[in-house]
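Engineer: here are the coordinates; sequence isn't available:
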């Protein structure tokens with residue numbers, strides 16, 4: 001397991017494959033249940049998103065990545081098509097041991113580069129106001145908060161936010 005002394009150079013960002021999907025869904029479900037109090041409806045939603053991605057994504061316009069440490073998955077991020085001109089970030093996760101070390105910014109830059117190269121004009125991401133670190137990451141990267149609204153999701157009352165970045 002990585003710790004604060006783990007060099008970021010020892011961490012690999014690679015393309016996500018079918019063998020990663022169970023880990024991504026289970027880890028999202030477990031971490032969001034433990035750390036955020038999300039109910040059991042979250043993991044099935046992640047599974048549905050992943051199944052849809054694997055079944056019919058266009059590799060020229062959509063991509064997923066896995067962060068790997070010592071041969072084991074440790075994070076994920078997906079760039080999907082929202083519209084012809086807008087990419088959408090999905091399933092952005094790093095295990096807690098890798099957070100706060102700049103790896104999220106590095107992974108976000110991989111997705112931004114992919115989206116630019118795919119010809120998108122903007123990138124959008126949805127998150128919740130209570131995810132302070134994610135909101136700070138998007139703000140520092142140049143995203144702008146474009147909408148904010150109360151929502152009852154995953155058994156919780158939260159404020160859903162949409163952030164946008166001009167590529």
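Structural biologist: All right, it came through fine. Everything numeric here is computed off the predicted structure, so don't read it as measured data.

Engineer: and residue 34, that one's in a helix?
Structural biologist: Yes: checked against DSSP: H, G, I helix; E, B strand; the rest coil, residue 34 lies within a helix.

Engineer: what is the neighbour count of it?
Structural biologist: 10 (other C-beta atoms under 10 Å). Where C-beta positions appear, they are placed from N, C-alpha and C, glycine not excepted.

Engineer: what does the pLDDT read for it?
Structural biologist: Per-residue pLDDT puts residue 34 at 96.

Engineer: now the closest residue to residue 42 other than its chain neighbours: how far from residue 37?
Structural biologist: Nearest non-adjacent residue to residue 42, counting by C-beta to C-beta, 6 or more residues apart in numbering: residue 154, 4.8 Å away. From residue 154 over to residue 37 the distance is 8 Å, taken as C-beta to C-beta, to the nearest Å.

Engineer: element containing the residue nearest the centre of the chain?
Structural biologist: Nearest to the geometric centre of the chain sits residue 92, at 1.3 Å (C-alpha atoms, centre = their mean). Counting by DSSP states H and E, the element that carries residue 92 is strand 86-94.

Engineer: for that strand, packing partners?
Structural biologist: helix 21-36, helix 42-56, strand 72-81, helix 103-117, strand 122-128 (3 or more C-beta pairs under 8 Å, 6 or more residues apart in numbering; DSSP states H and E).

Engineer: can I get the ones you listed in a markdown table including distance to residue 146?
Structural biologist: Formatted as a markdown table, these follow (distance: least, C-beta to C-beta, whole Å):
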| stretch | distance to residue 146 |
| --- | --- |
| helix 21-36 | 23 |
| helix 42-56 | 21 |
| strand 72-81 | 18 |
| helix 103-117 | 17 |
| strand 122-128 | 8 |
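
Engineer: which one of the ones you listed lies nearest to residue 12?
Structural biologist: Closest approach to residue 12 among the helices and strands packed on strand 86-94 is made by strand 72-81 (9.3 Å; C-beta to C-beta).
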